[in-house]
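Student: Build me a model:
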Amino acid sequence: MTQNERERSWLFDFRSSETFVVVTVSIAIFTDAFIYGMIVPIIPVALVKRVGARQEDAQSLVSILLAVYGATLLIGSPLFGYVADQSRLRRLPFVIGLIALAASTALFAFATSFPVFVLARGLQGLSGAAVWVVGLAIVSDSVPPERAGAAMGYTTIGLTWGFVLGPMMGGYIYEYMGWYGAFVVPTALIVLDVVLRFLMIELPRKSRQAKHESHLHPSHSGNGVSSYDTFNGEGIQSPGHASLCQDHDSEGAPLLLSSRCADGGQKKATILSLLVSPRMPVAMLATFIMATMFVALETTLPLYTMETFNWGSSGAGLVFLAVSLPTFGGVYIGKAIDRMGVRSMGTIGFGMGCLAWVLMRFITSNTPGTIASLVILLLLLGSSIAAIEITAMTEVSQVIGDYEIENPGAFGDKSPIAQGYALFNMSFAGGQLIGPLVAGAIRVHSGWSTMTLVLGVMCAVAAIPFVFFSGPPQKRKQAEVNSSV
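Tutor: Below is the predicted model of the structure:
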């Protein structure tokens, strides 16, 4: 091999590696979340100074902009999911999302009318849909199932720190650098995002799966067939499938297999097929609860700490670092999921959330001990949110993978992983929309103690279907896989 061939091979291997793909998607998620958040503290000022809105109308106009973001996120998620699943490579919709983010940022920078702000916020919602749906699908394609949890852990770091650093840095930069100066950092992040997205090489799903299989089952690399071939989305059937179809009328044949064999094994499933069994709806419920918890905290905690501890806006913002710190352990949470299974880790996550919310209702006095207790409880709540989020993301991937193993060729050559993450994204958006309304209304009418108690009970109730219907513990699942090989 010549020097040029070795260099080309090294660059290709590096740019298509699991590490580079996961880092690229994580930075894309961070960029999108950061730009979303940095706009929040400066939009009310911009509406008054640049648009000419009255001060008393600013709150209602901000609410409209938030609703526009949620609406385009809900609309864009299934759209990008379908397009990504129909494409041989997912890179095109991923780049389209980047274009939407760049256009949104430019419109924000130069907007002088409210309709332009609405258009900018709408494009930002489309960008968020593309980044989450397509980005997580690319990660799922690039990482074998036994490392999916750890990979999803990295993406949560980008999301959480984008949401936390965005508002903090947005207000600070605007105060010292002005309106146009506030967009210097977002522009730099977009440039970095452009470079990484175009450097990333996405292997076709069949090639990527063949690479995984050659590592897991070297003895099968010659014929390209193994008991896991259904994960490649190419409709490859397991070696025993043909004989099972021939004997599908026998007493021992699986009932679901019989229904597939009745039409020659060509019956096509859709993403809606996954909603019939409880696992996907339970994953969606976990995502909704996780988003509701995070946004409810974001909505009520700053004002409550200002009132209770007499803090300013900087102190109220810094306390969110306690919620964000546990995301640095997201990779370890993901590895724990890979070892223990989603059911165990998800149950632990809901348990921590219930405990943190219930105890937080006793944070009512301005003493050093109370402040220290709040920080500890926020660390616990941040751990809960990270555990539930990573568990839900991993479960979506495993639900689709397990369905394809149990129903060979059910989706033909179009595995619906991106549409699965579209459902995840829509559940997250639902929590973003409902969380502030519910938490804010309860706190206004019934107080902080009632609000935290309700959220704690919500976590406890959500844990019940997760315990009974989510993926089996990893040891039992591994035993099932081994017995089928």
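
Student: Leaving out chain neighbours, which residue sits closest to residue 296?
Tutor: Spatially, and ignoring its direct neighbours in sequence, residue 296 is nearest to residue 439 (3.4 Å; Cβ to Cβ, 6 or more residues apart in numbering). Every C-beta, even on glycine, is put in place using the N, C-alpha and C of the backbone.

Student: try residue 170
Tutor: residue 38 (3.0 Å).

Student: In contact with that neighbour, which residues?
Tutor: When contacts are counted by Cβ atoms under 8 Å, 6 or more residues apart in numbering, residue 38 is found next to 166, 167, 169, 170, 173, 182, 185, 186.

Student: Just the element for the second one, please.
Tutor: Read that as residue 167. Residue 167 belongs to helix 148-181 when assigned by DSSP states H and E.

Student: list the buried ones in that helix?
Tutor: Across helix 148-181, burial judged by 16 or more other Cβ atoms under 10 Å covers 148-171, 173-174.

Student: residues in contact with whichever helix or strand comes after it?
Tutor: Following helix 148-181 in sequence order, the next helix or strand is helix 184-199 (DSSP H and E). Outside helix 184-199, the residues within contact range by Cβ under 8 Å, 6+ apart are 15, 20, 23-24, 27-28, 30-31, 34-35, 38, 91, 94-95, 98, 101-102, 105, 169, 173, 177.

Student: what sits against residue 69?
Tutor: Residue 69 is in contact with 36, 121, 122, 124, 125, 128, counting by Cβ under 8 Å, 6+ apart.

Student: Against which helices or strands is the host helix or strand of the last one packed?
Tutor: To tie it back to what came earlier, the one meant is residue 128. According to DSSP H and E, residue 128 maps onto helix 114-142. Applying 3 or more Cβ pairs under 8 Å, 6 or more residues apart in numbering; DSSP states H and E, one finds that helix 114-142 contacts helix 18-39, helix 43-49, helix 58-86, helix 91-110, helix 148-181, helix 205-216, helix 368-406, helix 417-446.

Student: Could you list every helix and strand that the last one packs against?
Tutor: Where contact means 3+ Cβ pairs under 8 Å, 6+ apart, helix 417-446 is packed against helix 58-86, helix 114-142, helix 279-309, helix 368-406, helix 448-469.

Student: Next one: residue 179 relative to residue 278, how far apart?
Tutor: Between residue 179 and residue 278 the computed distance is 49 Å (Cβ to Cβ, to the nearest Å).

Student: How many residues are close by residue 62?
Tutor: The number of residues packed near residue 62 is 17, by other Cβ atoms under 10 Å.

Student: And it, how far from residue 164?
Tutor: 20 Å.

Student: and what of residue 414?
Tutor: Per Cβ to Cβ, residue 414 is found 37 Å from residue 164.

Student: One more: residue 192?
Tutor: Per Cβ to Cβ, residue 192 is found 19 Å from residue 164.

Student: Then residue 140?
Tutor: For residue 140 relative to residue 164 (Cβ to Cβ), the value is 26 Å.

Student: next one: residue 269
Tutor: Counting by Cβ to Cβ - residue 269 and residue 164 are separated by 39 Å.

Student: how close does residue 30 sit to residue 416?
Tutor: 26 Å.

Student: If you count surrounding residues, which of these two has more?
Tutor: Neighbour comparison, residue 30 and residue 416: the larger count goes to residue 416, with 27 against 24 (by other Cβ under 10 Å).

Student: Hmm, residue 275 and that one touching each other?
Tutor: No: contact criterion Cβ atoms under 8 Å: residue 416 and residue 275 do not qualify, at 11.5 Å.

Student: Next one: residue 283, what pLDDT does it get?
Tutor: The model reports residue 283 with a pLDDT of 94.

Student: Let me know how buried it is, in neighbour terms.
Tutor: Residues within reach of residue 283, counting by other Cβ under 10 Å, total 30.

Student: Verify the stated contact: it with residue 424.
Tutor: Yes: the pair residue 283 and residue 424 qualifies as a contact (Cβ under 8 Å) at a distance of 7.1 Å.

Student: Return every residue with contacts to both of the two.
Tutor: Common neighbours of residue 283 and residue 424 (criterion: Cβ under 8 Å, 6+ apart): 392, 396.

Student: For my notes, please list the helices and strands packed on helix 417-446 in JSON lines and give distance to residue 359 for each entry.
Tutor: Listed next are these as JSON lines, based on distance: least, Cβ to Cβ, whole Å:
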{"stretch": "helix 58-86", "distance to residue 359": "30"}
{"stretch": "helix 114-142", "distance to residue 359": "32"}
{"stretch": "helix 279-309", "distance to residue 359": "14"}
{"stretch": "helix 368-406", "distance to residue 359": "6"}
{"stretch": "helix 448-469", "distance to residue 359": "8"}
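
Student: winner for burial among the ones you listed?
Tutor: Among those, helix 114-142 has the highest mean neighbour count (mean count of other Cβ atoms under 10 Å), at a mean of 25.

Student: Helix, strand or coil: sort out residue 408 for me.
Tutor: Using DSSP: H, G, I helix; E, B strand; the rest coil, the structure places residue 408 in coil.

Student: Let me see the domain layout of the chain.
Tutor: 13-202, 277-473 (automatic domain parsing).

Student: and the first one, how far out from the chain's middle?
Tutor: Its chain's average C-alpha position is 13 Å from that of domain 13-202, according to Cα atoms, centre = their mean, to the nearest Å.

Student: separation between the spatially closest residue to residue 164 that is not a sequence neighbour and residue 41?
Tutor: Distances taken as Cβ to Cβ, 6+ apart put residue 324 closest to residue 164, at 4.6 Å, once the chain neighbours are dropped. Computed as Cβ to Cβ, the residue 324 to residue 41 distance reads 17 Å.

Student: do the same with residue 390
Tutor: Taking Cβ to Cβ, one finds residue 390 at 28 Å from residue 41.

Student: How about residue 434?
Tutor: Remark: distance between residue 434 and residue 41 (Cβ to Cβ) = 23 Å.

Student: cool, residue 370 as well?
Tutor: To residue 41, residue 370 is 27 Å away according to Cβ to Cβ.

Student: Cheers, nothing more for now.
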